[in-house]
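A.B. asks: Please work out how this folds:
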Amino acid sequence: MRFMVRFLMAVVLAVGVAGLAAPAAAASGHPRFSALVFSKTAAFRHDSIPAGVAAIRELGARHRFTVDATEDAAAFTDANLARYDVVVWLSTTGDVLTDAQQAAFERYIRAGGGYAGIHAASDTEYDWSWYGGLVGAYFRDHPGSVSPQFQVATVRVLDRDTAATRPLPRRWVREEEWYNFRTNPRDTVRVLAEVDEGTYDPRGYSVPGGSPGMGRHHPISWCQPYDGGRAFYTAMGHKPEYYSEPLLLAHLLGGIRMAAGVARFGCGRED
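C.D. replies: Next comes the predicted model:
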């Protein structure tokens, strides 16, 4: 009789533990998706590209999404792009796609595809106005003549209710090559984070004596619905060593997941 009581108690305990463990395991997983990392350059080439590709591959391995990487623009066909939930433009520069490849990417986005631009993705395809709208703003310059190229500054995280910003502190202090843009995208995108120009010298190199920064509200990361698809961009990620920063990796992971459509997007200006 005692043996039977102990046996029944053990069964109940085991079932209870299993019932508690199962939801926790399910909650820890992420939906599977596929990403294509594109890093072709036709102008300046960042030496951080290999580190960025490796970091995104590692994020995929840890968070259950597949990652293919290429510098071959021939990957931009309707059939091939349809295999991916998001295309990550990693520090691309210059004119990297032909007209036919551009048209294929436009169709991909219009069909509900995702775009995630990292750092020099905004220094790309200046003559393709559709792409300029997708990335949100084109690169203009960065400090480096009258002020140091790399500076520690404070990023103000404005919207902490997204996968790209939830892991970040409200005031995020880090070193970067802080981009200035040709236009301020604030009127057309949802700004997730801005860099505080009061914490560094934002004067860029494009004007003798230093071009001005972006002013009091200097966007550095944003997202938007665009032409049927989803777009995320962050200007951070210049140096190879930045791709071992836990907070930057969390920021990139969240932005990629948002663009892929597996994390809540919520990037309409009124959301």
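A.B. asks: all helices for the stretch 1-150 of the chain, in order.
C.D. replies: 2-28, 49-63, 78-81, 99-110, 129-135 (DSSP state H, counting those that start in this stretch).
A.B. asks: and residue 256, what does it touch?
C.D. replies: For residue 256, the contact set (C-beta atoms under 8 Å, 6 or more residues apart in numbering) comprises 35, 56, 59, 86, 88, 116, 232. In short, each C-beta sits where N, CA and C put it, glycine included.
A.B. asks: Which members of these occur in strands, if any?
C.D. replies: 35, 86, 88, 116, 232 (DSSP state E).
A.B. asks: Can you show me the strands along the chain?
C.D. replies: Under DSSP E, the chain gives strands at 34-38, 66-70, 86-90, 114-118, 139-141, 151-157, 171-176, 180-181, 190-195, 219-226, 229-234.
A.B. asks: mind checking how far the shortest one is from the chain centre?
C.D. replies: Using C-alpha atoms, centre = their mean, to the nearest Å, the distance from the centre of strand 180-181 to the centre of the chain it belongs to is 17 Å.
A.B. asks: got any ranges where the stretch 1-150 of the chain has weak pLDDT?
C.D. replies: Residues of the stretch 1-150 of the chain meeting the criterion pLDDT under 70: 1-31.
A.B. asks: One more pass at 90, please.
C.D. replies: Applying pLDDT under 90 to the stretch 1-150 of the chain flags the ranges 1-32.
A.B. asks: on that earlier part again, how about TSV for the ones in strands among the contacts of residue 256, with neighbour count added?
C.D. replies: Formatted as TSV, those follow (neighbours: other C-beta atoms under 10 Å):
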residue	neighbour count
35	24
86	25
88	28
116	27
232	34
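A.B. asks: Which of those residues sits closest to residue 133?
C.D. replies: Ranked by distance to residue 133 (C-beta to C-beta), the ones in strands among the contacts of residue 256 are led by residue 232 at 14.2 Å.
A.B. asks: Quick check: closest non-adjacent residue to the closest one.
C.D. replies: Spatially, and ignoring its direct neighbours in sequence, residue 232 is nearest to residue 255 (4.0 Å; C-beta to C-beta, 6 or more residues apart in numbering).
A.B. asks: For that neighbour, list the residues it contacts.
C.D. replies: Per C-beta under 8 Å, 6+ apart, neighbours of residue 255: 116, 163, 164, 221, 223, 232, 234.
A.B. asks: Could you turn the buried ones of those into a PyMOL selection?
C.D. replies: Buried residues among these (16 or more other C-beta atoms under 10 Å), as a PyMOL selection:
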select buried, resi 116+163+164+221+223+232+234
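A.B. asks: Just name the closest of the contacts of residue 255 to residue 213, please.
C.D. replies: Nearest to residue 213 among the contacts of residue 255, with distances taken as C-beta to C-beta, is residue 221, at 16.2 Å.
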